[in-house]
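> Need coordinates for the below:
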Amino acid sequence: MRLLIVNPNISTSVSELIEKEARRVASPQVEINVVTAPFGVAYIETRAEAAVGGYATLTALAEHYSDYDAAIVAAFGDPGLLAAREILPIPVMGMTESALMTASMLGGKISIVAISRRIRTWYEETVARYGMSSRLASIRCLENSLRNIATIQDDHGEQLITLCKQAVEEDGADVIIIAGAPLAGLARTVADRIPVPLVDGVSCAVRQAEAIVGINTRSSQAGSYAPPPDKPVAGLSPALMALIGRQPL
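From the prediction side, this is the model:
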């Protein structure tokens, strides 16, 4: 089994964190390849940045998907995920959706611990899109500016642990999602310091991708996730043009 993981941001250091956690949790027979977005921002905090990240994700997926059994969008908020499911003939997982679905099986109320206050509303909208707002206990965020996205776990580790504890003690969280690719692996390393289950989006997405491939489902040929209709397209990469406009390469 081969899994393609796309980091929708341009931070190669975050891609390294994603790859490390993905390889740790993947089954022995699974081959992992992580691709960093060819353009965009260092990390996504806003709707505009998410739109750019979604386009970068679709571009990267179009270029690489053909050699893989499934793909993963490795940014919390899942930029480009639903669009990717329309155009790709392989299963596509998202960090947020995978984390939420997993968390829902571990407890009732779910809290999300995130890296930035600016990110909060977009995360709330993402949770609502997946129909999980009634399960959301809180979204707790770091207040400090980020010195370096690659070292956030070292720079803010204790603050993130404090936010997790507050989510349990003050918000009634039964399970906590440690949100964002820059925090990949943190849930595993601090699990013994938090009294409720911690969920990591990369780990969840990898394992769920394995399960979906194992079930051997087919891609949609009808309904809202059917491939886009034929139409003229312009200005896209050749690979993305072939998927969006259904034109041969």
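
> Which parts of this protein are helices?
Applying DSSP state H to the chain gives helices spanning 12-25, 47-64, 81-87, 95-104, 120-129, 152-171, 186-190, 201-215, 238-244.

> Just want the most central residue of this protein.
residue 95 (2.6 Å; C-alpha atoms, centre = their mean).

> For the residue nearest to residue 33 when sequence neighbours are not counted, give me its contacts.
Leaving out its chain neighbours, the residue that sits closest to residue 33 by C-beta to C-beta, 6 or more residues apart in numbering is residue 4, at 5.6 Å. C-beta: built from backbone N, CA, C; applies to glycine. Taking C-beta atoms under 8 Å, 6 or more residues apart in numbering, we find residue 4 in contact with 33, 35, 61, 64-65, 67-68, 70-72.

> What is the nearest of those residues to residue 42?
residue 35 (16.4 Å; C-beta to C-beta).

> What's the local residue count around that closest one?
17 (other C-beta atoms under 10 Å).

> for the one 3 residues further on, same thing?
Residue crowding around residue 38 was assessed by other C-beta under 10 Å; the count is 11.

> That one against residue 59, yeah?
Yes: at 6.2 Å, residue 38 counts as touching residue 59 under the criterion of C-beta atoms under 8 Å.

> Show me this structure divided up by domain.
Here the domain parsing of the chain from automatic domain parsing is 2-96+204-244, 107-200.

> Quick one: distance of the shortest one to the chain centre.
Relative to the mean C-alpha coordinate of its chain, domain 107-200 is positioned 14 Å out (C-alpha atoms, centre = their mean, to the nearest Å).

> that older thread, could you tell me which of the contacts of residue 4 are located in strands?
33, 35, 70-72 (DSSP state E).

> Now a PyMOL select for only the buried ones of these.
This is how PyMOL selects the buried members of the ones in strands among the contacts of residue 4, with burial counted by 16 or more other C-beta atoms under 10 Å:
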select buried, resi 35+70+71+72
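
> now the ones in strands among the contacts of residue 4 as JSON lines including distance to residue 119 and pLDDT?
Below are those laid out as JSON lines (distance: C-beta to C-beta, whole Å; pLDDT from 0 to 100):
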{"residue": "33", "distance to residue 119": "27", "pLDDT": "98"}
{"residue": "35", "distance to residue 119": "23", "pLDDT": "97"}
{"residue": "70", "distance to residue 119": "27", "pLDDT": "97"}
{"residue": "71", "distance to residue 119": "23", "pLDDT": "98"}
{"residue": "72", "distance to residue 119": "20", "pLDDT": "98"}
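
> mind checking how far the residue nearest to residue 33 is from residue 62?
Distance of residue 4 to residue 62, given as C-beta to C-beta, to the nearest Å: 11 Å.

> and if you look at residue 2?
Residue 2 is 17 Å from residue 62, where distance means C-beta to C-beta.

> out of these two, which sits in the more crowded spot?
Shown here are residue 2 and residue 62; by other C-beta under 10 Å, residue 62 has more neighbours (21 against 14).

> The helix or strand bottoming out on mean pLDDT in the chain packs against which elements?
Lowest by mean pLDDT, DSSP states H and E among the helices and strands of the chain is helix 238-244, with a mean of 89. Contacts defined by 3 or more C-beta pairs under 8 Å, 6 or more residues apart in numbering; DSSP states H and E place helix 238-244 against helix 47-64.

> Now tell me what touches the helix it packs on from outside.
4, 6, 8-9, 33, 35-41, 44, 71, 73, 75, 77, 79-81, 83-84, 87-88, 92, 122, 236-237, 239-240, 242-243.

> can you check stretch 120-131 too?
By C-beta under 8 Å, 6+ apart, the residues outside stretch 120-131 that reach it are 45-47, 50, 76-78, 96-97, 100, 112, 114, 133, 136, 139, 141, 179.

> of those, buried ones?
The neighbour count (16+ other C-beta under 10 Å) marks 45, 50, 76-78, 96-97, 100, 112, 114, 136, 139, 141, 179 as buried among these.
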